[in-house]
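Asks: Below: sequence and its predicted model.
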Amino acid sequence: MQLSSVKVLFVRPEFGLLVIRVSVGALLAYYGLMKFMDGQDRLVGLGKAIENVGIPAPDGTPMPLFFGIMAAAAELAGGVLLVIGFLFRPAAALLVFVMAVATATTYGMSEGDLTRWGHPLIFTLVLLGLLFTGPGRMSIQKD
């Protein structure tokens, strides 16, 4: 096999976008599903994280559970929508917000340790990039 034939394989931006979209979407869908499977206590704790961006979720009210369910559902459904490339920009925008909250929460808990808050930050930045690029040609949705 010649070098030029190998090079042709890697000059496919639509395939690269598909790989990023599917891998990030599948991971987020998995994380969202695991949060639901962990139960109500996990969802309440997750919902309390919204307070890190100034939105109140007082204990003893249904708000922490509501926000936890919304965050986990956004990861699960948004991840699936990223994978298939449908309602792509609304899903990406919602996930950027969810991951920004996760970044702020993890940053606050980690005392600035990048090894802990870097993970949600990477998701936030990749999702932000996907928001601008769109789903690409290899998707259900055609921009």
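Replies: Structure's in. What do you need?

Asks: ok, for the residue most central in space within the chain, nearest residue in space, not its chain neighbours?
Replies: Using C-alpha atoms, centre = their mean, the residue of the chain that lies closest to the mean C-alpha position is residue 95, 4.5 Å off. Spatial nearest neighbour of residue 95, chain neighbours left out: residue 78 (4.5 Å); criterion: C-beta to C-beta, 6 or more residues apart in numbering. For glycine as for every other residue, the C-beta is placed from the backbone atoms N, C-alpha and C.

Asks: Check residue 29 too.
Replies: Nearest to residue 29 is residue 79, by C-beta to C-beta, 6+ apart, at 3.0 Å.

Asks: What's the local residue count around residue 106?
Replies: 18 (other C-beta atoms under 10 Å).

Asks: so where's the longest helix in the chain?
Replies: helix 13-38 (DSSP state H).

Asks: buried sites along that one?
Replies: Residues 17-18, 20-22, 24-25, 28-29, 32, 35-36 are the ones in helix 13-38 that count as buried (16 or more other C-beta atoms under 10 Å).

Asks: Which positions within stretch 94-114 qualify as buried?
Replies: Quick answer for stretch 94-114 (16+ other C-beta under 10 Å): 94-96, 98-107.

Asks: just to revisit the earlier point, the residue nearest to residue 29 and residue 31, how far apart?
Replies: 8 Å (C-beta to C-beta, to the nearest Å).

Asks: overlap in contacts of these two?
Replies: Shared contacts of residue 79 and residue 31 (C-beta atoms under 8 Å, 6 or more residues apart in numbering): none.

Asks: quick revisit: give me the phi and psi angles of the residue nearest to the centre of the chain.
Replies: phi -70, psi -30 (degrees, to the nearest 10).

Asks: measure the residue nearest to residue 13 when sequence neighbours are not counted to residue 104 for me?
Replies: Closest residue to residue 13 apart from its sequence neighbours, by C-beta to C-beta, 6+ apart: residue 136 at 7.8 Å. With distances taken as C-beta to C-beta, residue 136 is found 29 Å from residue 104.

Asks: What of residue 73?
Replies: 20 Å.

Asks: what's the neighbour count on the residue nearest to residue 13?
Replies: 20.
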